[in-house]
Structures are given as structure tokens and as C-alpha cells.
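Novice: Mind folding the following:
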Amino acid sequence: MSEETTTDDAPTPERVFLCMVDSSEEFGPTLRYACARANNTGGRVALLYVIEPAEFQHWLGVGDRMQAESREEAEEMCQIVSDVVMRRTHKMPVIYIRDGSAHEVVMQLVEEEPNISVLVLGSSTGGDGPGPLVSHIVNKMAGKFALPITIVPGGLTDEQIDSIT
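Specialist: Below you'll find the model as predicted:
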């Protein structure tokens, strides 16, 4: 009687840390955290830049031009952030640029991309609360969210981030 052993040679999927790209104060610490976690787990960073709908759409041409400028700005910022991620993780990040409301775009992207493992958000240090996206996800979407959410306090120093990752 021979004994059969099985080995699972299928590669373990990479952990993907989705990080929102914006110009907020808390973005720096959030990106540092996502990169450190990706490094420490053999994972990868994914970047999401959400282009919010233009408020001024009285004239179609003006609205179209504003959207085009927003898209160019998103691409430029994602290129800069992508370079930072490459230096920190030695892996090219996955980049998503989407139009819409941030919380709706995040939900849709998480549903579309099953390889996203963790949503990493930055919490504002201001007195108005953690920020609109964090507030919305925690208060209205937490039970509907199919993956862990890490909220990084915006006031953490590089040394503090390095010590917890």
C-alpha cells in the first residue's frame, strides 16, 4: 500500500494593501504604513485616486475641461506616488484612477478586485473628526465591507509607523 502525499504548489496570493491617494496631511503616514506592511508581508501596494464629480457643470465644455484637468492631475500625482512606492517596496504598485464618490468607488473596486486584502485609510488629525471617507465607511458601510480596514492616525511619526509595522 503506497502512501500518497499531496503538496499544494499553487502560489499564495499576494496581500494587496489598497491606499487612497490624495493631498491630505494624513496621506504621507498612511502611504508609509501601507508600504511597510507590504514589505513585511511580501505583499504589494495598490493606489486609488478618486476624481470627484465637478460641481460646476453649467456648460458642458467647461465641465469636460475640468474633468480632463482632474484626470491629468490624478495621473501626475499617481506617477509621483508610484515612484515613492517603488523605492520603498521594490514593487510596482497597482494603480486605479476612478471617477465618482470616494465611498462608492471604494466599495465597487473591492467587489471587482478580489485580490485586495486590506483597505488602508488615514485618519485626520483635525478637530472635525477622522475625515469624510473614514467616517462614512466606519459608520455606514462597516458591516457591508468584505475586508479588513486599517485606519492610520495622521499624526504618527515615521519612527512610530516603523515600530508598529
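
Novice: make it CA atoms for all contacts and neighbour counts henceforth
Specialist: Fine.

Novice: just checking, T125 is part of a helix?
Specialist: No - using DSSP: H, G, I helix; E, B strand; the rest coil, the assignment for T125 is coil, not a helix.

Novice: Do I have it right that it meets V152?
Specialist: No - using C-alpha atoms under 8 Å, T125 is not in contact with V152, being 10.5 Å away.

Novice: of the two, who's got more company?
Specialist: V152 (21 against 15; other C-alpha atoms under 10 Å).

Novice: for the lowest-mean-pLDDT helix or strand in the chain, packing partners?
Specialist: The helix or strand of the chain with the lowest confidence, counting by mean pLDDT, DSSP states H and E, is helix 132-136 at a mean of 83. For helix 132-136, the packing partners by 3 or more C-alpha pairs under 8 Å, 6 or more residues apart in numbering; DSSP states H and E come out as helix 102-112, strand 116-123.

Novice: any idea how far that helix is from the chain center?
Specialist: Distance, stretch centre to chain centre, for helix 132-136: 14 Å (C-alpha atoms, centre = their mean, to the nearest Å).

Novice: now swap in stretch 151-161 and tell me
Specialist: 16 Å.

Novice: and it, which residues are buried?
Specialist: Within stretch 151-161, the residues scored as buried using 16 or more other C-alpha atoms under 10 Å are 151-156, 161.

Novice: Narrow those residues to those in helices?
Specialist: Under the assignment DSSP state H, those contribute I161 to helices.

Novice: Dump the buried residues of stretch 151-161 into JSON lines; add pLDDT and distance to V85 as well.
Specialist: Below are those laid out as JSON lines (pLDDT from 0 to 100; distance: C-alpha to C-alpha, whole Å):
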{"residue": "I151", "pLDDT": "92", "distance to V85": "19"}
{"residue": "V152", "pLDDT": "94", "distance to V85": "17"}
{"residue": "P153", "pLDDT": "91", "distance to V85": "20"}
{"residue": "G154", "pLDDT": "86", "distance to V85": "18"}
{"residue": "G155", "pLDDT": "88", "distance to V85": "20"}
{"residue": "L156", "pLDDT": "92", "distance to V85": "19"}
{"residue": "I161", "pLDDT": "95", "distance to V85": "16"}
